[in-house]
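1. Structure of the sequence below:
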Amino acid sequence: MSEYDTKPAARYGTTARARVEVDAGLRAYMLRVYNYMALGLAITGLAALGAYMLSVTDTLASAAYVLRGNQLFTASAGMVLQSRDILLTSFGYSVFFSPLKWVVVLAPLALVFFLSFRVDRMSPTAAQAAFWIFAAMVGLSLGIIFLVFTHTSIVRVFFITAASFGALSLWGYTTQRDISGWGSFLFMGLIGVIIASLVNIFLVSSMLQWIISVVGVIVFAGLTAYDTQRIKEMYFAGDDDVVAGRKAIMGALALYLDFINLFTMLLQLFGQRNE
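-> Predicted structure coming up:
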């Protein structure tokens, strides 16, 4: 990787003009990746906010359930409400608390696997559409964070994540150090986080969740830099529009997943829960 800056020019000659053309192409390619990622995050944010707004109501008469801390009660006309109670609509209960929640949670996972394995046979337009749908589905599943954490802490952690992600990605793009060797260690860490998270679904251990979040932050911080360098190395000035479009979508997907996972891990550590 330390010799990356000299490799593209070697494909087309070592003249200064070739060097400038390759640099311009690389910048345009990376800008395309970041634009796709940013649009995906915007779609996710709007979907999450929309899901939350459809899930809560201000009046007991239109509520189906009342969320009080970690307990859920059926709403009734004579119910005495407490200040921290959250009034849920039927939509909110179905999406976040009924068995349907597993479909909401697992559907994005199925789509990301589909996109990863099928992107080579998809047109750039179809790949983009699949990415936007995936981002919206992730947003639907993330809408529950507005019920669990205070809105102020969500916004605060989002900006912390954005600043951290930007710095890590910039380092991964500009460093002359080859960090491709990080891949196997980061992958093992990712598998460990996934397995521990599945186990904690049944254990519901706050200590284990804290450990998962700390390790997860380290893993996804490393993946942000690693994926940025890997995406940069994927660039080839001789690619046609179709191949370049597919690469840009897959690069945006990788960085999008790094950002979302880094955000959720930091939210577990620093988010203020609704009492």
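
2. Buried residues in the longest helix along the chain, which are they?
-> If you go by DSSP state H, the chain has its longest helix at helix 16-55. For helix 16-55, a neighbour-count test (16 or more other CB atoms under 10 Å) marks 18-19, 22, 25-26, 29-30, 32-34, 36-37, 39-41, 43-44, 47-48, 51-52, 55 as buried. For glycine as for every other residue, the C-beta is placed from the backbone atoms N, C-alpha and C.

3. ok, then the element right after it?
-> Using DSSP states H and E, the helix or strand that directly follows helix 16-55 along the chain is strand 65-68.

4. Contacts for that next one, please.
-> Contacts of strand 65-68 from elsewhere in the structure, counted by CB atoms under 8 Å, 6 or more residues apart in numbering, are 60, 72-75, 79, 81-82, 84-88, 92-93, 97, 147.

5. Please narrow these to those residing in strands.
-> Counted as lying in strands by DSSP state E, out of the contacts of strand 65-68, are Leu72, Phe73, Thr74, Ile86, Leu87, Leu88.

6. low-confidence ranges in the chain?
-> Along the chain, the model assigns pLDDT under 70 to residues 1-22.

7. those helices in it, which residues are they?
-> Taking DSSP H as the test, the helices found in the chain are 7-12, 16-55, 90-96, 100-118, 124-142, 145-148, 151-174, 182-203, 206-234, 241-270.

8. Redo the ones you listed as a markdown table? Include distance to Tyr65.
-> A markdown table is the format used below for the helices of the chain (distance: least, CB to CB, whole Å):
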| stretch | distance to Tyr65 |
| --- | --- |
| helix 7-12 | 58 |
| helix 16-55 | 10 |
| helix 90-96 | 5 |
| helix 100-118 | 13 |
| helix 124-142 | 19 |
| helix 145-148 | 11 |
| helix 151-174 | 21 |
| helix 182-203 | 22 |
| helix 206-234 | 25 |
| helix 241-270 | 24 |
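
9. Relative to Thr175, how far out is Ile133?
-> With distances taken as CB to CB, to the nearest Å, Ile133 is found 34 Å from Thr175.

10. Then Val204?
-> For Val204 relative to Thr175 (CB to CB), the value is 40 Å.

11. And the two? Which one has more around it.
-> Remark: of Val204 and Thr175, Thr175 carries more neighbours, 14 against 8, as counted by other CB atoms under 10 Å.

12. how far away is the more buried one from Tyr256?
-> According to CB to CB, Thr175 and Tyr256 sit 22 Å apart.

13. can you check Ile86 too?
-> Ile86 is 29 Å from Tyr256, by CB to CB.

14. neighbours of the residue nearest to Ala51 when sequence neighbours are not counted, just the number please.
-> For Ala51, ignoring the flanking residues on the chain, the nearest one in space by CB to CB, 6 or more residues apart in numbering is Gly143 at 3.1 Å. Neighbour count for Gly143, taken as other CB under 10 Å: 23.

15. same deal with the one 5 residues further on?
-> As a burial measure, Val148 scores 16 neighbours (other CB under 10 Å).

16. Please report how far it lies from Val242.
-> 42 Å.

17. One more: Arg32?
-> Counting by CB to CB - Arg32 and Val242 are separated by 14 Å.

18. which residue sits closest to Phe165, ignoring its sequence neighbours?
-> Sequence neighbours aside, Phe259 is the residue nearest to Phe165 in space, at 5.2 Å (criterion: CB to CB, 6+ apart).

19. Would you mind stating the distance between the one you found and Ala38?
-> Taking CB to CB, one finds Phe259 at 10 Å from Ala38.

20. For burial, what's the neighbour tally of Ile201?
-> Neighbour number of Ile201 under other CB under 10 Å is 7.

21. Val80 now?
-> Residues contacting Val80 under the criterion other CB under 10 Å number 5.

22. what separates it from Val66, distance-wise?
-> From Val80 across to Val66, the span is 10 Å (CB to CB).
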